[in-house]
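Colleague: The following comprises the amino acid sequence and a computationally predicted model.
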Amino acid sequence: MENVKTSPDRPARLSAKEKIHRSRWEKTALGICLAVFCLYAISLIYPFLWMTINAFKSKTEFYGNVFALPTEWKFENFYNAVVNFKISVGSGAGTKQVNLLQMFGMSIFLTVVVTALEIFVSACTAYIMAKYKFPGRSVLYAVIIFAYVAPIVGSMPATYRFMNQIHLLNTIPGVLLIYVGGVGFAFLILYGQFKSLSWSYAEAAFIDGANDFGVFFKIMLPLSMPSLTAMAVVTAISYWNDFNTPKIYLESYPTLAVGINQLITDMRYQNEYPLMFACMIVSVLPIIVFFSCFQKTIMKNMVAGGLKG
């Protein structure tokens, strides 16, 4: 009877004792990972849940017991937070009152417009830098990288003075110029994406009579859609939560991040914590609704971009 040899490419079968030992070790490791994940999830969910519950309380009930459920749900806290609570912007005769709803609209406008402009400008710039050879390309790329890694605090005084001299300080076109004019993370990601795409697609399109714009808009952009979607999501969240730029360069048109900061300061001095919690919940609702509606599309494109990149 011939001896059956174990192939070096196939591991030998585990004995029953080894299977039991391995099974116990795997179950223990899985249990530890699950426990750590649950603790991490609770640490993220509990503060938001606690804040949501207390947002429906009256001030008296909140100070009575911050951990109990409301005896009477105060939905008017959210109405008061959105409509009645206002902040003052401007100075002198130009002072005006702005409520949370107006800040909400300004945040949506800036987030949508700036995200669309930055993704488009970054895609065009990254595509030219990645696929076209021209004199000084390496030097220009080095300058772009330096501008990206340089501390923004160092350039802020010069930017502020420049915007003031060209009379775009405290204007919407001015803040759009600041947002789109800077080199962002989207450029670096899209540069790598376009660099990894084969130029054979473009060559085939040129043979069929396509021009440079047709290749970019009809071939390269669709192939890069997963990366574009992922960067659009990251960019939109970044601009939605941005505080410094609107605070410094757009004082008369406060965004939600700026307004929430001011409202929280005012309400804390007035001990209006339920209203403060209501304001904070209103500020995060758009992000929650956005992900709830487009979760499958976002995750599909982000995963596809990760696999292709």
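Modeller: It's in.

Colleague: going forward, measure contacts between C-alpha atoms and count neighbours the same way
Modeller: Noted.

Colleague: Quick check: pLDDT value at the residue most central in space within the chain.
Modeller: Here the mean C-alpha position of the chain is nearest to the C-alpha of I237 (C-alpha atoms, centre = their mean), at a distance of 2.5 Å. pLDDT recorded at I237 is 85.

Colleague: That one: which element?
Modeller: Assigned by DSSP states H and E, I237 falls within helix 225-240.

Colleague: swap in L263?
Modeller: Going by DSSP H and E, L263 is in helix 256-269.

Colleague: do the same with I87
Modeller: strand 86-89.

Colleague: Show me what secondary structure element comes after that strand.
Modeller: Taking DSSP H and E, what comes next after strand 86-89 is strand 96-99.

Colleague: now for that next one, which elements pack on it?
Modeller: Applying 3 or more C-alpha pairs under 8 Å, 6 or more residues apart in numbering; DSSP states H and E, we find strand 96-99 packed against strand 86-89.

Colleague: So which other helices or strands are in contact with the strand it packs on?
Modeller: strand 96-99, helix 256-269.

Colleague: How far off centre is the next helix or strand after the first one?
Modeller: Following strand 96-99 in sequence order, the next helix or strand is helix 100-131 (DSSP H and E). Distance of helix 100-131 from the chain centroid (C-alpha atoms, centre = their mean, to the nearest Å) equals 12 Å.

Colleague: And for stretch 170-185?
Modeller: 17 Å.

Colleague: which regions of the stretch 101-250 of the chain sit below the pLDDT cut-off?
Modeller: Low-confidence segments of the stretch 101-250 of the chain, defined by pLDDT under 70: 182-183.

Colleague: Same question for the helix holding I237: list its buried residues.
Modeller: P226, S227, L228, T229, A230, M231, A232, T235, A236, Y239, W240 (16 or more other C-alpha atoms under 10 Å).

Colleague: got those residues as JSON lines, with distance to P173 columns?
Modeller: Formatted as JSON lines, the buried residues of helix 225-240 follow (distance: C-alpha to C-alpha, whole Å):
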{"residue": "P226", "distance to P173": "30"}
{"residue": "S227", "distance to P173": "28"}
{"residue": "L228", "distance to P173": "24"}
{"residue": "T229", "distance to P173": "25"}
{"residue": "A230", "distance to P173": "26"}
{"residue": "M231", "distance to P173": "23"}
{"residue": "A232", "distance to P173": "21"}
{"residue": "T235", "distance to P173": "19"}
{"residue": "A236", "distance to P173": "18"}
{"residue": "Y239", "distance to P173": "16"}
{"residue": "W240", "distance to P173": "17"}
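
Colleague: so what's I281 up against?
Modeller: By C-alpha atoms under 8 Å, 6 or more residues apart in numbering, the contact list for I281 reads T52.

Colleague: how close does it get to P274?
Modeller: 11 Å (C-alpha to C-alpha, to the nearest Å).

Colleague: ok, now G209?
Modeller: On the measure of C-alpha to C-alpha, G209 and P274 end up 64 Å apart.

Colleague: Between these two, which is the more surrounded one?
Modeller: P274 (27 against 9; other C-alpha atoms under 10 Å).

Colleague: Correct me if wrong: that one contacts I53.
Modeller: No - the pair P274 / I53 is not scored as a contact, 9.1 Å apart, by C-alpha atoms under 8 Å.

Colleague: The nearest residue to F85 once chain neighbours are set aside - how many residues pack around it?
Modeller: Spatial nearest neighbour of F85, chain neighbours left out: N99 (6.0 Å); criterion: C-alpha to C-alpha, 6 or more residues apart in numbering. Neighbourhood size, N99 [other C-alpha under 10 Å]: 20.

Colleague: State whether N99 and N84 are indeed in contact, as I suppose.
Modeller: Yes - with contacts counted by C-alpha under 8 Å, N99 reaches N84, the gap being 6.9 Å.
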